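S.K.: Pasted the sequence and its predicted model underneath.
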Amino acid sequence: EPEVTQTPSHQVTQMGQEVILRCVPISNHLYFYWYRQILGQKVEFLVSFYNNEISEKSEIFDDQFSVERPDGSNFTLKIRSTKLEDSAMYFCASVLAGEVGEQFFGPGTRLTVL
Amino acid sequence: QKEVEQDPGPLSVPEGAIVSLNCTYSNSAFQYFMWYRQYSRKGPELLMYTYSSGNKEDGRFTAQVDKSSKYISLFIRDSQPSDSATYLCAILHSGGSNYKLTFGKGTLLTVNP
């Protein structure tokens, strides 16, 4: 069964460093998302991406964040200068166009900022 | 304004019990109501969703929406230890050209053998 994959599963970085979180969405899906979940808190929407551009972004998604689909398979989230409060689980999700209900989530990347 | 509220529990029940999980939401315009299950160290997995009001049944799971009171429920019949997980309610709503999810905090359920 097709699934969304994410790498790495755990990333530890120093405050101020750049990190890139990688996702491989399901191959025929066209809409891509990043969500995050700080420990003990809700899963929060960060950004949606379609047709090689951002469709919507939340207040959390400031200038330190960027997304890219560098090739036909990968979808990346970059944090330019990490802060302690960026420590969270980051989930990638993808949707087949027209499938309103079916956002498929990856297993997540745990980001720890020291 | 908090869009989706969910009692985080934890909830602990014996095997075979009927489980009721509940959420409230704030915006009466919402139309798609989702239930996700999340096992430890995994991503959320869609269980089922309903559109508008009423019930939807899938095996041992029933999702219910009461739009008049802005209340959504998930019932699990004959609960099993494998149902032990965090259950997340979510609203799927339009954000620009596509849809995004707004989640509740999740209820941690433990089903004891």
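M.R.: Looks like it came in fine. Just so it is clear, the structure is predicted and the values come from calculations on it, not from any experiment.
S.K.: Please list all residues in contact with residue 110.
M.R.: Going with chain A. Contacts for A:Arg110 (CB atoms under 8 Å, 6 or more residues apart in numbering or on different chains) come out as A:9-11, A:88-89. Bear in mind the C-beta positions are built from the backbone N, C-alpha and C, glycine included.
S.K.: Hmm, no, I was thinking of chain B.
M.R.: B:10-13, B:84.
S.K.: Check A:Ile20 too.
M.R.: Residues counted as contacts of A:Ile20 (CB under 8 Å, 6+ apart) are A:76-78.
S.K.: okay, it: pLDDT?
M.R.: You'll see A:Ile20 listed with a pLDDT of 97.
S.K.: do A:Gly98 as well
M.R.: 64.
S.K.: Then the one 4 residues further on?
M.R.: You'll see A:Glu102 listed with a pLDDT of 81.
S.K.: hmm, back to that, restricted to strands, list the contacts of A:Arg110.
M.R.: Assigned to strands by DSSP state E, the following of the contacts of A:Arg110 qualify: A:10-11, A:88-89.
S.K.: which regions of chain A sit below the pLDDT cut-off?
M.R.: A:98-101 (pLDDT under 70).
S.K.: can you check chain B too?
M.R.: Ranges of chain B meeting pLDDT under 70: B:1-2, B:95-97.
S.K.: In it, which residue sits nearest chain A?
M.R.: Nearest residue of chain B to chain A: B:Gly43, at 3.4 Å (CB to the nearest CB).
S.K.: dump the residue contacts of that residue.
M.R.: Per CB under 8 Å, 6+ apart, neighbours of B:Gly43: A:4, A:91, A:93, A:105-108.
S.K.: can you dump the C-alpha coordinates of the longest strand along chain B into PDB?
M.R.: Longest among the strand segments of chain B by residue count, using DSSP E, is strand B:85-95. Extracted in PDB, the C-alpha atoms of strand B:85-95 (Å, rounded to 0.1, in the frame of the first residue of the first chain):
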ATOM      1  CA  ALA B  85      -4.200   4.900  20.900                       C
ATOM      2  CA  THR B  86      -4.700   8.700  20.800                       C
ATOM      3  CA  TYR B  87      -7.900   9.700  18.900                       C
ATOM      4  CA  LEU B  88      -7.900  13.000  17.200                       C
ATOM      5  CA  CYS B  89     -11.000  14.800  16.000                       C
ATOM      6  CA  ALA B  90     -10.400  17.300  13.300                       C
ATOM      7  CA  ILE B  91     -12.300  19.700  11.100                       C
ATOM      8  CA  LEU B  92     -11.500  19.700   7.400                       C
ATOM      9  CA  HIS B  93     -12.100  23.200   6.000                       C
ATOM     10  CA  SER B  94     -11.200  25.300   3.000                       C
ATOM     11  CA  GLY B  95      -8.000  27.200   3.200                       C
END
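S.K.: who in chain B is up against chain A?
M.R.: Proximity of chain B to chain A (CB under 8 Å from any CB of the partner chain) is limited to residues B:32, B:34, B:36, B:41-46, B:49, B:88, B:90, B:92, B:95-106.
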